[in-house]
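Fold the stuff below for me.
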Amino acid sequence: MSDNFFLTDRFEAERPGLRAVAYRMLGSLAEAEDAVQETWLKLSRTDVSEVKNLGAWLTTVVGRVCLDMLRSRTSRREEALPEQEGAIRLPDPVVTPLGRINPEQEVLVADAVGIALMVVLEALSPAERLAFVLHDMFDVPFDDIAPILGRTTVSTRQLASRARRRVQGAAPAADTDLARKRDVVEAFLAASRGGDFEALLAVLDPDVVARSDGGTLVPSILRRGAANVASQAITFARFAGDARLVLVNGTPGVVSFSGSRPLSVMSFAIQDGRITGLDILSDPSRLTTLGLTT
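Take a look at the predicted model:
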């Protein structure tokens, strides 16, 4: 077997893991794929005959590629027009039918990487996100992360620690019982469809936060409090002709359709049997890239 075929096989074996790293770093499925392809190009142009652990080497390379992409994205945001500032941009959801998540999708959303956690990662600086993702999620040693950031090991450890505190504060541990979470989501759906305000209040945490990302054409919406969110849920249910349970990042969520056209993907954060967070992607241009079908 030639060296090229050997490298190709090794890279394909590592691809799902590299895509998982890139998804956590970028929150975009398309950009994650671009980062993985760039990593392949770097591998194909590099003599790795002396590399002892190719998987670890590839992980640090995809991390560096993602860091550059994040820094470029941050620069573009800083140059945004005033009316664009404050817009909510939710990460891409990984949507699968109930009970039919495939192995590659399972790698993408392993370790309870839900949309709520991805939203928190979006708020970290590029350096914080890299240090946290590589170390806390993929066990990359700080000694290997530090050169990517151009920092000392001690400084990199501090970055990850700061990011960890922000993540734990903003995305506390959610319920892990999938059956219980499905019951809560089903109760939310039934109450929304039935216009049952009191039943909605029963499944919503008093301090629930709902975020909606409608893209460039529809204003982003941020709602707080059970009464406010319940009212919006009832209003939205009137327009969604078909809402069905799916897995969103490995946990029960909802996809709504109007005919064959997807209207939204809803992801829920649930604690102690109540919904504490609701993230809604309704951007038509992004929904069309998710392959959602009735």
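
CA only for contacts and neighbour counts going forward, please
OK.

could you pull out the helices for this structure?
3-26, 29-44, 54-78, 103-108, 115-122, 126-132, 142-149, 153-170, 178-194, 197-203, 226-239, 284-287 (DSSP state H).

So for Asp92, which of these sits nearest?
helix 29-44 (6.3 Å; Cα to Cα).

ok, and what's touching that closest one?
11, 15, 18-19, 22-23, 26, 58, 61-62, 65-66, 92 (Cα atoms under 8 Å, 6 or more residues apart in numbering).

hmm, 7 Å instead?
Outside helix 29-44, the residues that touch it by Cα atoms under 7 Å, 6 or more residues apart in numbering are 18-19, 22-23, 26, 61-62, 65-66, 92.

Next, the angle from that helix to helix 54-78.
130 degrees (axes from the mean of the first three to the mean of the last three Cα atoms, to 10 degrees).

for the chain, what are the low-confidence residue spans?
Applying pLDDT under 70 to the chain flags residues 1-4, 75-87, 100-112, 171-174, 239-241.

Which of the helices of the chain has the highest mean neighbour count?
Most buried of the helices of the chain, by mean neighbour count (mean count of other Cα atoms under 10 Å): helix 126-132, with a mean of 25.

tell me how far that one is from the chain's mean position?
15 Å (Cα atoms, centre = their mean, to the nearest Å).

who does it touch, helix- and strand-wise?
With contacts defined as 3 or more Cα pairs under 7 Å, 6 or more residues apart in numbering; DSSP states H and E, helix 126-132 has these neighbours: helix 54-78, helix 153-170.

picking up where we left off before, now the two most distant members of the contacts of helix 29-44.
Val61 and Asp92 (22.6 Å).

With just CA atoms, put stretch 12-22 into PDB.
This file holds the C-alpha atoms of stretch 12-22, laid out as PDB (Å, rounded to 0.1, in the frame of the first residue of the first chain):
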ATOM      1  CA  GLU A  12     -10.800   8.800   7.000                       C
ATOM      2  CA  ALA A  13     -10.600   6.900  10.300                       C
ATOM      3  CA  GLU A  14     -10.000  10.100  12.100                       C
ATOM      4  CA  ARG A  15     -12.500  12.200  10.200                       C
ATOM      5  CA  PRO A  16     -15.600  11.700  12.500                       C
ATOM      6  CA  GLY A  17     -13.500  12.800  15.500                       C
ATOM      7  CA  LEU A  18     -12.100  15.800  13.700                       C
ATOM      8  CA  ARG A  19     -15.500  16.900  12.600                       C
ATOM      9  CA  ALA A  20     -16.700  16.600  16.200                       C
ATOM     10  CA  VAL A  21     -13.800  18.900  17.300                       C
ATOM     11  CA  ALA A  22     -14.600  21.400  14.500                       C
END
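
Renumber starting at 46 from here on
Yep, numbering from 46; the last one is stretch 57-67 now.

one step back: would you turn the helices of the chain into TSV with distance to Ser303?
Shown next, in TSV, are the helices of the chain (distance: least, Cα to Cα, whole Å):
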stretch	distance to Ser303
helix 48-71	29
helix 74-89	24
helix 99-123	33
helix 148-153	26
helix 160-167	23
helix 171-177	37
helix 187-194	46
helix 198-215	33
helix 223-239	14
helix 242-248	23
helix 271-284	8
helix 329-332	12
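
Just tell me which of those ends up closest to Gly298.
Nearest of the helices of the chain (Cα to Cα): helix 223-239, 6.9 Å.
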